[in-house]
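**Student:** Fold the following and give me the result.
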Amino acid sequence: MASQKIPAAPSIRRLPSYLQIIRQAKNDNQEYISGTVIAQELRLDPIQVRKDLTITGIVGKPKRGYPVVALMAAIEHFLGWDEMQQAVLIGAGNLGTALAGYQKFQYHGLNICAAFDTDPAKIGTEIHGVPVFSLETVDVYIKNCRAKIAILTVPSSQAQGVADKIVAAGISAIWNFSNIKLRVPANVSVQREDLSSGYAMLCVKMNRRNPCGDCLHSGQDDGCGGCEAYTE
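**Tutor:** Below you'll find the predicted structure:
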């Protein structure tokens, strides 16, 4: 079967921000929410918001907007957050520990079931309730717990070797926090998070003082309405 076309990255990145607002609307017992209200909260163009929401397959009603419960479910389903995914964390250093302690992953359908490291001092301990095992046993654990996602926070010099090992064990998606581009089979998805690139963009926005001015306040990393023409 041919792969489905993946929507533009900025649109996908904005959906979690929309979802947060929609969840609050549900908590406030609102039945409907408009794209304009979401846009105002995030200081975006309402047209952009409505365009982004179309990728979830839901259609709003004229003069009423979107049914809150249905819109929330549509976004969660599109993102795959309506089913809990089991993930393993490779690397129990400072970054790995911080990620293990991020409680909101549970709202995103992600459960870190185990962490792996090569440091004897960390093996056999727990980080934020997540057990740490020897990296030598990762292939056995992945097969037994049927984890499909790996969060990679190892040093760049070790990243490719570890990636080869976990892909061979059955991992089909890697969240890569190392500084290298991984070489993986075509059927393995990789999302690389380059923290230095994000910080570089923040510095440029701050120093150049974009016309939209409020882009940092909106919380959008590369898709706030007024800055879309500026960022690349």
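
**Student:** what's the spacing between the residue of the chain most remote from its centre and Cys113?
**Tutor:** Distance from the centre of the chain peaks at Lys63, with 32.2 Å (C-alpha atoms, centre = their mean). Note on Lys63: its distance to Cys113, by C-beta to C-beta, to the nearest Å, is 46 Å. Just so you know, the C-beta spots here come from the backbone N, C-alpha and C atoms, and that holds for glycine as well.

**Student:** Name the residues of the top helix by length along the chain that are buried.
**Tutor:** Counting by DSSP state H, the longest helix found in the chain is helix 9-27. By neighbour count with 16 or more other C-beta atoms under 10 Å, helix 9-27 contains the buried residues 10-11, 14-15, 17-22, 25.

**Student:** which helices and strands sit right next to that helix?
**Tutor:** Helix 9-27 sits against strand 32-33, helix 35-42, helix 46-54, helix 68-79, with contacts defined as 3 or more C-beta pairs under 8 Å, 6 or more residues apart in numbering; DSSP states H and E.

**Student:** got those as a markdown table, with distance to Gln86 and mean neighbour count columns?
**Tutor:** Shown next, in a markdown table, are the helices and strands packed on helix 9-27 (distance: least, C-beta to C-beta, whole Å; neighbours: other C-beta atoms under 10 Å):
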| stretch | distance to Gln86 | mean neighbour count |
| --- | --- | --- |
| strand 32-33 | 32 | 20 |
| helix 35-42 | 31 | 19 |
| helix 46-54 | 29 | 18 |
| helix 68-79 | 17 | 18 |
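
**Student:** need the ones you listed in JSON lines with mean pLDDT and distance to Val140, can you?
**Tutor:** Converted to JSON lines, these look like this (pLDDT from 0 to 100; distance: least, C-beta to C-beta, whole Å):
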{"stretch": "strand 32-33", "mean pLDDT": "96", "distance to Val140": "47"}
{"stretch": "helix 35-42", "mean pLDDT": "96", "distance to Val140": "44"}
{"stretch": "helix 46-54", "mean pLDDT": "95", "distance to Val140": "41"}
{"stretch": "helix 68-79", "mean pLDDT": "96", "distance to Val140": "30"}
